[in-house]
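Visitor: After the sequence you'll find the predicted model.
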Amino acid sequence: MSSNECIRWQGNLACLRIDGVMVKSRHTIEGAHVFGPDSDHTTLAISGLSLLSDECTIQSVCIDGNIEASVLLACGYSIDEKAEWSISCGEDACVSISRGAIQKGRVDGFEIDEEFHSKISEAWLTELSAVSQGAYVSEQAYLSSSSARMNLTSQKMGDLLIWPPREMVGSERPEEGSALRGSGIIESWTKLSAGGAPSEFSLRAPILEGISTVFVRLIDGPCGVFLIADDEDNLPQIGGDVNFAIRRLYAQDGMIRYGLKALIS
């Protein structure tokens, strides 16, 4: 990829520069970039780092306070204030990842309905401050499993690959396998109405007009169920291709829970 090339990347807009990358939300209101319904500075940062991984190796980064450090750690990056690479967050739903000066530039986005954006933003704030909804997952349980889920780290029993990893009883225990490739084929999909969605999505489901999931067979064999990214505008098709990106899932105990969501190819 040449410098200054801007592309659509994991549902965002990414511009590769000479010394780094600038990632912006593709959504705008009157020309100003705003976050999509399940994205924030942290998801943009992970997206940019995954793009840069095709060009170079990044093991540690310096971040500002808008980035959720636990998510970067789960994705395999260490946090070091003296790291060569720095992640800086802009006010206009933008993240710069660079080894030098902050990456800047203008890239046109796509207008999003202002009322829709306002309602989704308010729903997230309420979800963060409200009593936990749905099946309770403790912070410890979430953090202990997040790395394997976000990185598609498999387990191996003989020739069988297992994902997501799980505790097993008995004498035969699986070994840790390699990271699975982040793409697959849709075997089935469903859309839950706002009234039928799990309660952890009860605030956002009516705004999104329901919650959609896909049952995916990964290229390497294992299957999994994934939420579809909230701003995905392609209709799922059985047999269709999907890729994945880190997005917000839900909030619990005042903490955003992140994970992989499906992007329809």
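Guide: Sure thing, it's come through.
Visitor: tell me the helices in the stretch 151-265 of the chain, going along the chain?
Guide: Under the criterion DSSP state H, counting those that start in this stretch, the stretch 151-265 of the chain carries helices at the ranges 205-208.
Visitor: pLDDT below threshold where in it?
Guide: Along the stretch 151-265 of the chain, the parts satisfying pLDDT under 70 run over 169-171.
Visitor: mind redoing it with 80?
Guide: Scanning the stretch 151-265 of the chain for pLDDT under 80 picks out 166-174, 177.
Visitor: Which residues are in contact with the residue nearest to the spatial centre of the chain?
Guide: Residue closest to the average C-alpha location in the chain (C-alpha atoms, centre = their mean): residue 246, at 1.2 Å. The contact partners of residue 246, taken as C-beta atoms under 8 Å, 6 or more residues apart in numbering, are 42-43, 46-47, 71, 75, 150, 258-261. Backbone N, C-alpha and C define where each C-beta goes, glycine included.
Visitor: Scan those and report the most crowded one.
Guide: residue 43 (28 neighbours; other C-beta atoms under 10 Å).
Visitor: quick one: pLDDT of that residue?
Guide: Looking at residue 43, its pLDDT stands at 98.
Visitor: Do I have it right that it meets residue 248?
Guide: Yes: between residue 43 and residue 248 there is a contact at 6.8 Å, judged by C-beta atoms under 8 Å.
Visitor: Can you pull the residues that touch both of these two?
Guide: Contact with both residue 43 and residue 248 is made by residues residue 258, according to C-beta under 8 Å, 6+ apart.
Visitor: nearest to residue 212, of the contacts of residue 246?
Guide: residue 261 (10.1 Å; C-beta to C-beta).
Visitor: Could you give the bridge partners of residue 5?
Guide: Legend: beta-bridge partners of residue 5 under DSSP bridges are residue 16.
Visitor: Would you mind measuring from it to residue 259?
Guide: Per C-beta to C-beta, to the nearest Å, residue 5 is found 29 Å from residue 259.
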